Every structure is written in structure tokens, then in C-alpha cells.
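Chemist: task: produce atomic coordinates for the following.
(one chain, ligands or ions: 1)
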Amino acid sequence: MITDLRSDTFTKPSPAMLQAMFKAPVGDDVFGEDPSVNALEDMAADMFGMQAALFCPSGTMTNQIAIKCHTQPGDEVICEKMSHVYIYEGGGIAFNSGCQVKPLDGDRGRITAEQVTAAINPDDVHKARTSLVSVENTANRGGGSCYDFTEIQKIKEVCFKNKLSLHLDGARLWNAMVAKGETPKQYGELFDSISICLSKGLGTPVGSLLLGKKDFITKARRIRKVFGGGMRQAGYLAAAGIYALENNIARLSEDHAHAKQVAAALAKQECIGSIMPVETNIIIFEVTGSYTAKTFCDRLKADDILCLPISATQVRMVIHLDVTAEMVKKLVEVIALL
Ligand SMILES: Cc1ncc(COP(=O)(O)O)c(C=O)c1O
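Modeler: Next up is the predicted model:
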């Protein structure tokens, strides 16, 4: 029994999800004729109270399409310094959109309205034109931290006053909404575009959705084609997404409870340094003493537990759909022996 905690992207479709995929009606989605993709896009747009949605192969693509749609080459994008869009998308903001980034030093991946206000460039020919703010919720490198919703409302006000677009990298927004008791419609009201992932912790093999106004999604559909993301009988994948939205969201609270249990076990060990507050399904902690992050991960691997070194001394564990209560029990026992 391997317990794979490296990421919540390691989940595999359950037999019931595979059945839904197997039975999906499909067509050519580049022609707009895949009934399952159309159903998923309508379902997601409806959930968020937004006008339209676009099914894409990855969260990187939905983020990068959004940035491309919201900006012109030479513009500046404001985001937190550890944002996925900035540090983990292969330099895509520069490569795809010809923009530069103003990275802000946030609190566990989260930025404030005050920081955004201070980061907006004046209308001066020496300066890049600030056109977009991108926030991430939950924040991956913030240890799955969640925004205080009132701060997002304040960021929206700043964007509105300064005519900036506001994008949400909501790869794990489901986790944030479950943890904080928030609704998709609350988010739909505030953001110009939202990227949500179906492939993180929900059991689907592939897929992310970009949400926005109708004309924004029309533009996004064109960019998706340019980026090579136009898929044909993608309905088999969309059917997995529909299954996930219908069946695998509410249960995320179990993952959050398991993550807290694991963090509590880690906190008792001398070889563990600081642990980021656990708000959702991600646990990031420092190892100390004779361990480096790599040797710590090697030690757990000997017990068939896989986790990820994310710096020389930091380790990440992510709890997800395929991590059972039995696996968590064993993990807690292994941690107690460290
Ligand atoms: C916060 C965040 N945004 C975007 C992505 C990109 O998603 P994908 O791997 O589907 O490209 C990830 C992936 O882990 C992520 O953690």
C-alpha cells in the first residue's frame, strides 16, 4: 500500500467515475459539438453565476489564457511572489503575454488590498502599464492558506477604482470554499476570470475550467486554439469533471481533518521544525536536526509513504481523495517513530 502525498494531482478515477466517462456522449469540441463538454461548461458557469466557461487541459493553460486575454505586451501583472502563475508556469507570463510581473511579499501566499494599491504604477511613460491583479486561493506555497473573503472584496474595490482586471487562480478553490463555508457565487460576483481545477484532489484525470463573461470566454476560446488546447472528443474527460463536481466536493472536509491530524502528529516530533498553519489539505513543514528535506522523504519512502521536498529543509504533504483513513493512521504511526 503506497501512500502518495506528493500532490493531490495523483488521484485516479474511481470505478464509478470511469463508468461515467465510458458512457459519455461525445462530439468534436473544437466545433462546439461535444455535449458532455458543453454540459460541464454550462454547469460550472451556473454554479459560479458567471456567463460562460471554457474546458481546458490544465490549470496552467486556464491561467495563461486568462493573463493573455487581460493584458497587452509590456503590461505589468501584480501577484504574490510565490504565485503559481509566476514561479511554476515556465515563465509563461513573459513567454505567452510579453508581460512583466510585480511580485508582492505576501503572508503565506496572500496579498492585501493595501499592497495592491501601493504596487500600481503611475501613468508615466517610464513605467509598465499595470493591467491585472492575480490572486491564488488556496495558496499552494502558503501551505493551502485561504483568503479572508473581505480582503478579496477590498482588492476588487482597488481593481475597480484603477480599471484593473482581477483573476483568480482557484486551482484549489474548492478546498477554500469547503474550509470557509463560502459559495461559488460569492467568487463569481467579484472576479473578471476564475480558473478552477478538476484534476486536484477530485479524482479526475485531466481538466480545468476558465470562467468569465461571454465575450471574455469567446476571446479565451480563440487563445486556447492558438495555444494548442483545442480538444476533440474531450467529453470523456468532461464527464469525469461532471462526476467530480457532483460527488467529490463536500468530502474535501475529510481531507482537511486528516491534514490536521497529520500536522498534530508532526508537531510532537523533535526533528520537525515549524509547521505552516493547516487550513485545508496541504501540510508544509521544516525538518531539523540530522534530516534534510530529501533524507526525510527517503526515510518515509522506506515505509511506502511518498512526500515532496520543496526546498533544502521544507517538505510538503498533500492529502486527497485517494488517501484513506487507514493510510492516515499508518502515517501517524510512522511519524511517531521518527
Ligand atoms: C495553485 C496552482 N495553480 C495552477 C496549477 C496548475 O495546474 P496544472 O498542473 O493543471 O497545470 C497548480 C498545479 O499544481 C497549482 O497548484
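
Chemist: show me what contacts Val26?
Modeler: Applying C-beta atoms under 8 Å, 6 or more residues apart in numbering to Val26 gives the contacts 34-36, 233-236. Just so you know, the C-beta spots here come from the backbone N, C-alpha and C atoms, and that holds for glycine as well.

Chemist: please flag which of these sit within helices.
Modeler: 35-36, 235-236 (DSSP state H).

Chemist: closest to the ligand among those?
Modeler: Of all those, the ligand sits closest to Tyr236, with 17.5 Å by C-beta to the nearest ligand atom.

Chemist: pretty sure the closest one is touching Ala24, no?
Modeler: Yes: with contact defined as C-beta atoms under 8 Å, Tyr236 counts as touching Ala24 (5.3 Å).

Chemist: shared neighbours, these two?
Modeler: Taking C-beta under 8 Å, 6+ apart as the contact rule, the neighbours common to Tyr236 and Ala24 are Ser36.

Chemist: just the contacts of Val26 that are near the ligand?
Modeler: On the criterion C-beta under 6 Å from any ligand atom, none of the entries of the contacts of Val26 sits beside the ligand.

Chemist: what about burial for the residues you listed, which qualify?
Modeler: With neighbours counted using 16 or more other C-beta atoms under 10 Å, the contacts of Val26 contain these buried positions: 34, 36, 233-236.

Chemist: can you put the residues you listed in TSV and add pLDDT?
Modeler: TSV is the format used below for the buried ones among the contacts of Val26 (pLDDT from 0 to 100):
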residue	pLDDT
Asp34	98
Ser36	98
Gln233	98
Ala234	98
Gly235	98
Tyr236	98
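
Chemist: what sits against Asn162?
Modeler: Contacts of Asn162 by C-beta under 8 Å, 6+ apart are 120, 130.

Chemist: near the ligand, which residues of the stretch 51-200 of the chain?
Modeler: For the stretch 51-200 of the chain, the residues in contact with the ligand (C-beta under 6 Å from any ligand atom) are 58-60, 63, 84, 136, 140, 169, 171, 197, 199.
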